[in-house]
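Engineer: Please work out how this folds:
(chains A and B)
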Amino acid sequence: MSKEYETVIGLEVHVELASRTKIFCGCSTAFGAAPNTHVCPVCTGMPGSLPVLNKKVLEYAMAVGIATNCRINRYSRFDRKNYFYPDNPQNYQISQLYLPICHDGFVEIDTASGKKRIGIHEIHMEEDAGKLIHDEWEDCTLVDYNRSGVPLIEIVSEPDMRTSDEVIAYLEKLRMIIQYLGASDCKLQEGSMRADVNLSVREAGTEKMGTRTEMKNINSFKAIMHAIEGERKRQTERLEDGLTVTQETRRWDDNKESSKAMRSKEDAQDYRYFPDPDLPPVLISDEWIAKLKDAQPEMQEEKMERYQKEFLLPASDAAILTSNKHLADIFEETAAFCGEPREAANWLITEGMRLCRETEVDADGMRFSPANLSKLIKLIAGGTINRTTAKSVFEEIFRRDADPEKYVAEHDLKTVNDEDGLKKVITEILNENPQSVSDYRSGKQKAMGFLVGQTMRAMGKKADPQSVNRILKEELEKA
Amino acid sequence: MEICDLTAAELGRKIKSGEIGVREAAEAFLDRTDKTDKTVHAYLTIDRKSVEKRADEVQEKIRSGEYDSPLAGVPAAVKDNICTRGLKTTCASRILENFVPTYSAEAVSRLENAGTVILGKTNMDEFAMGSTTETSAFGPTRNPWDTDHVPGGSSGGSCAAVSSGECAYALGSDTGGSIREPSSYCGVTGIKPTYGTVSRYGLIAYGSSLDQIGPIAKTVEDCAAVLDIISSHDPKDSTSTERSYGFSKSLSDDVRGLKIGIPGDYFTEGLDPEVAKAVTDAVDVLKQKGADVEKFDLGYVKYAIPAYYTIADAEASSNLERFDGIKYGYRTKDCEGLHQLYKKSRSEGFGEEVKRRIMLGSFVLSSGYYDAYYLKALKVKALIRKAWDRAFEKYDVVAAPAAPSTAPKIGESLSDPMKMYLSDIYTVSVNLAGLPGLAVPCGQDSKGLPVGIQFIGNCFGEDKILRAGYAFQKEYPYRAPHLTEKEAR
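Structural biologist: So this is what the prediction gives:
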């Protein structure tokens, strides 16, 4: 009979910070520039160059630490991690091993069985490496140092997660906190958030940890779920077959849905960490921490509460709107512009989220201006357009940030309130559909719907549905 | 008096008054170099054309008043581990044989902004690793006092250039004595300032926590004037400090009441008696001028060398990783794959002494040995610092030899690296504690080779050691070697 197994998962999450300049020099961190244009002697490891810590990076790291209930080291230091690779121009990475900036924190996640705390072992600052590009045509490898020196924090969790659902919940929570702080955009696809998964399996009920493997740089939530599932299965099968698990680093291939060993513990490198003599210790005062605490923005829980109180939104709507900082920002601005928070919430939650799903983007993909959405809401409130028309106008706003006033005018979408004209059309429709008329008269309410639809179509969907209903009823009851 | 025999300060005054032209001064040093440097080999690179162009430009800017420093127009040399924009900077290593920096070190920029004409780059021990300038990949420099002898190191090229009159002053760097020991061997004056006084930006690092750039010149007055120019709080160097400057102002021929401590534990076995006598005599001179002199025991003397080599080599092993044949510098001619590219480029590009120190440094940082060596060395460093703190509670200045002997013969040291390491015994603890140290010529041994005395001050205590050195030099003025008659043909 097979035994019960428990999966133990810990995460190392790298997050690229949103500072405009690099961690140790003044070069831009902007994504997507021509190769080696955002570089200087410091981030290309030229002889004699020296690093100088970017204060903004330090403040972002501390802000994330504060928001994840970490303790901030009043005395922290940078260390050199020595290894040779061409993407690393100095052949050492400046990181923090001995005294990281933040330690011993936690975040709370929602699980099927209620709230759960995931411990954060530490958060440390470090520099990103450059990028190697293999030129197949010339058969050579080129290096782009634009990313070299881009600031990162690494958030190391405790091995507190047991399922892939918990892992995703943890990652979503981290992402939300960091986005709320404005410390990073946390885009997995662009690599501004990357996760390494440490996973081991042990017999249920045992204390001792199993041997863990590490899977590096998995770049989507879906792939992370697959990788965890695949690795859990692989390790469990080995244990059931009486085999052991080797401590090693594995690469998850999401296309093949399998992982491959990269290097084992035996050929693990000795990084010869030691304190970087070029950077003095980082000293943090209590006042500085207090100042950063005061400057922390309203986080999700607080926002959610406020939405329910201030805008009288149901908890479920408030939860959706605050699940993404960008979405919450659009909502608040729209509500302020048009003065109709419930309408703004409805449009964003139903139509906005529907279009996000259809176009396979997350809420960050809503790139339109709140001013345009609020104009749309005003057009509906003023009876200028009906809801059916409004839906199609919203799609235009979502797609290309169209100005709804212009769009409605250009496409002649205004509601027609010409009663005589409407009556004429309805009379024609009734004449053309005697069967429906008699159905209605014999009590079949459904026929009404059909006749409304026919009228709306004849009116080019521009009629005010309320008027159509009223006049139809009057005409049907006349005879 | 020939231009090349003037002190930098004198030459600066004559240039300012118009008595000597900038181009005339530069050409005088270049002509002297043509005569003497075939033998001395103090320079690795001289770009005569740009020197002439630069001299004219400087002359113009002195005339217009843009350059008004006391040393404006005075020609200088720069050690080849200090980056000079557009001018080859090799660290006397094959691995950087053709490296031309795209930027200048902060100290060099400051010199240039003060109107210095940089004549060229001087020879050194490869990556500043050595005490004789013999580990240079481009051949040794010879001591202008006796060309069978080494000039000391690692700033041997800079010291020999000053001594032989091939420049008015030079920049050196000092990680464990690399300014003070060769200054002593070559009979010139050199100062290693308090750590953090001169920006390290653009100084190609050897031991980052110990490295400092400093001036080498004929006199204390010259050194103070150069230090006035190159010292700054530089935001590009996180270890640079904000402090008081104005070193020339502290020069005074008055040492009455100055408390000088003599570490008795420096005057023991291993110190050449002739050196001991010259140093003791020099201290007596100051005593006669009114200084209070007292002997004391510093402590931890024998731990300084092992602690120094552990820390310096550990940092060096990491600092020198960037020389890999990928981005710049030497790359092996044939290799297969990345691993071989690294291995062969570095094996062929670095010399023996550099490789020895990289291996030592890598060893003391490797897991399992870190605590026993590197961490222990840091603890020793802290104890040494405390020993100095105690000394400076009682004394303004500590006077000691700069080296245990006068310059050894060429070839003597290379065969026994341990012996060479031991010659740093009086200088390394100053770096470990971050203190300023000034070497001033104070006599000659029976072979006629110069002896130097070292004045050590507390952190930011340059004013006191400069005063001691200045007052001593009033009684024992600078003397040049007679190289021109004896050696240069």
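
Engineer: If we go by neighbour counts, what in stretch A:379-393 is buried?
Structural biologist: A:L379, A:I380, A:T384, A:I385, A:N386, A:T389, A:A390, A:V393 (16 or more other C-beta atoms under 10 Å in any protein chain shown). Quick note: C-beta positions are derived from backbone N, CA and C, even for glycine.

Engineer: what's near enough to touch the first one?
Structural biologist: It stands for A:L379. By C-beta atoms under 8 Å, 6 or more residues apart in numbering or on different chains, A:L379 lies in contact with A:I385, A:A390, A:V393, A:P404, A:E405, A:V408.

Engineer: Could you say which helix or strand holds the spatially closest residue to A:M448 that is not a sequence neighbour?
Structural biologist: Leaving aside its sequence neighbours, A:M448 sits nearest to A:Y440 (C-beta to C-beta, 6 or more residues apart in numbering or on different chains; 5.8 Å). According to DSSP states H and E, A:Y440 maps onto helix A:434-441.

Engineer: Which other helices and strands does whichever helix or strand comes after that helix contact?
Structural biologist: Sequence order places helix A:446-458 as the next helix or strand after helix A:434-441, per DSSP H and E. Packing contacts for helix A:446-458, counted by 3 or more C-beta pairs under 8 Å, 6 or more residues apart in numbering or on different chains; DSSP states H and E, involve helix A:419-432, helix A:434-441, helix A:465-478.

Engineer: what angle do helix A:446-458 and helix A:465-478 make?
Structural biologist: In terms of direction (axes from the mean of the first three to the mean of the last three C-alpha atoms, to 10 degrees), helix A:446-458 departs from helix A:465-478 by 130 degrees.

Engineer: about what we covered before: which one of the buried residues of stretch A:379-393 sits closest to chain B?
Structural biologist: A:V393 (53.9 Å; C-beta to the nearest C-beta).

Engineer: who in the stretch 151-300 of chain A is up against chain B?
Structural biologist: Where the stretch 151-300 of chain A comes near chain B, counting by C-beta under 8 Å from any C-beta of the partner chain, the residues are A:D270, A:R272, A:Y273, A:F274, A:P277, A:D278, A:L279, A:P280.

Engineer: Next step: these restricted to strands.
Structural biologist: A:F274 (DSSP state E).

Engineer: Could I get the residues of the stretch 151-300 of chain A next to chain B in TSV, plus columns for pLDDT and neighbour count?
Structural biologist: Output for those, formatted as TSV (pLDDT from 0 to 100; neighbours: other C-beta atoms under 10 Å in any protein chain shown):
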residue	pLDDT	neighbour count
A:D270	92	14
A:R272	97	25
A:Y273	97	19
A:F274	97	25
A:P277	98	20
A:D278	98	22
A:L279	98	20
A:P280	97	14
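
Engineer: of all the residues of the stretch 151-300 of chain A next to chain B, which two lie farthest apart?
Structural biologist: Farthest-apart pair in these is A:D270 and A:P280; separation 26.1 Å (C-beta to C-beta).

Engineer: Just the element for B:I358, please.
Structural biologist: With DSSP H and E as criterion, B:I358 is part of helix B:352-365.

Engineer: Please name every helix or strand in contact with that helix.
Structural biologist: By 3+ C-beta pairs under 8 Å, 6+ apart, helix B:352-365 packs against helix B:301-319.

Engineer: The helix it packs on close to chain A?
Structural biologist: Yes. Against chain A, helix B:301-319 shows contacts by C-beta under 8 Å from any C-beta at B:A314, B:E315, B:S317, B:S318.

Engineer: my guess is A:E343 meets A:I377, correct?
Structural biologist: Yes. In this structure, A:E343 is within contact of A:I377 by C-beta atoms under 8 Å, at 4.8 Å.

Engineer: more neighbours, those two?
Structural biologist: Taking other C-beta atoms under 10 Å in any protein chain shown, A:E343 and A:I377 do not tie; A:I377 has more neighbours (24 against 19).

Engineer: Got phi/psi on that one?
Structural biologist: Per-residue torsions, A:I377: phi -60, psi -40 (degrees, to the nearest 10).

Engineer: how much space between it and A:A371?
Structural biologist: 11 Å (C-beta to C-beta, to the nearest Å).

Engineer: before we move on, back to that, give me the number of residues near the residue nearest to A:M448?
Structural biologist: 22.

Engineer: What of B:Q288?
Structural biologist: Residues near B:Q288, counting by other C-beta under 10 Å, number 10.

Engineer: what does the one 3 residues further on give?
Structural biologist: B:A291 sits with 24 neighbouring residues when counted by other C-beta under 10 Å.

Engineer: for it, what are its contacts?
Structural biologist: B:V255, B:R256, B:G257, B:L258, B:K259, B:I260, B:A468.

Engineer: Could you export these to CSV, including columns for secondary structure, distance to chain A and neighbour count?
Structural biologist: Output for the contacts of B:A291, formatted as CSV (DSSP: H, G, I helix; E, B strand; the rest coil; distance: C-beta to the nearest C-beta, whole Å; neighbours: other C-beta atoms under 10 Å in any protein chain shown):
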residue, secondary structure, distance to chain A, neighbour count
B:V255, coil, 35, 25
B:R256, coil, 39, 9
B:G257, coil, 36, 9
B:L258, coil, 33, 21
B:K259, strand, 32, 16
B:I260, strand, 32, 20
B:A468, helix, 30, 29
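
Engineer: Restrict stretch B:16-32 to CA atoms and write it as CSV.
Structural biologist: What follows is stretch B:16-32, C-alpha atoms only, in CSV (Å, rounded to 0.1, in the frame of the first residue of the first chain):
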residue,chain,number,x,y,z
LYS,B,16,54.1,81.3,-12.4
SER,B,17,56.6,84.2,-12.6
GLY,B,18,57.2,83.4,-16.3
GLU,B,19,60.9,82.7,-15.7
ILE,B,20,60.4,79.2,-17.0
GLY,B,21,57.9,78.2,-19.7
VAL,B,22,55.7,75.1,-19.3
ARG,B,23,57.0,73.6,-22.5
GLU,B,24,60.5,74.4,-21.5
ALA,B,25,60.0,72.6,-18.2
ALA,B,26,58.3,69.6,-19.9
GLU,B,27,61.1,69.3,-22.4
ALA,B,28,63.8,69.5,-19.8
PHE,B,29,62.3,66.4,-18.0
LEU,B,30,61.8,64.6,-21.3
ASP,B,31,65.4,65.3,-22.3
ARG,B,32,66.6,64.1,-18.9
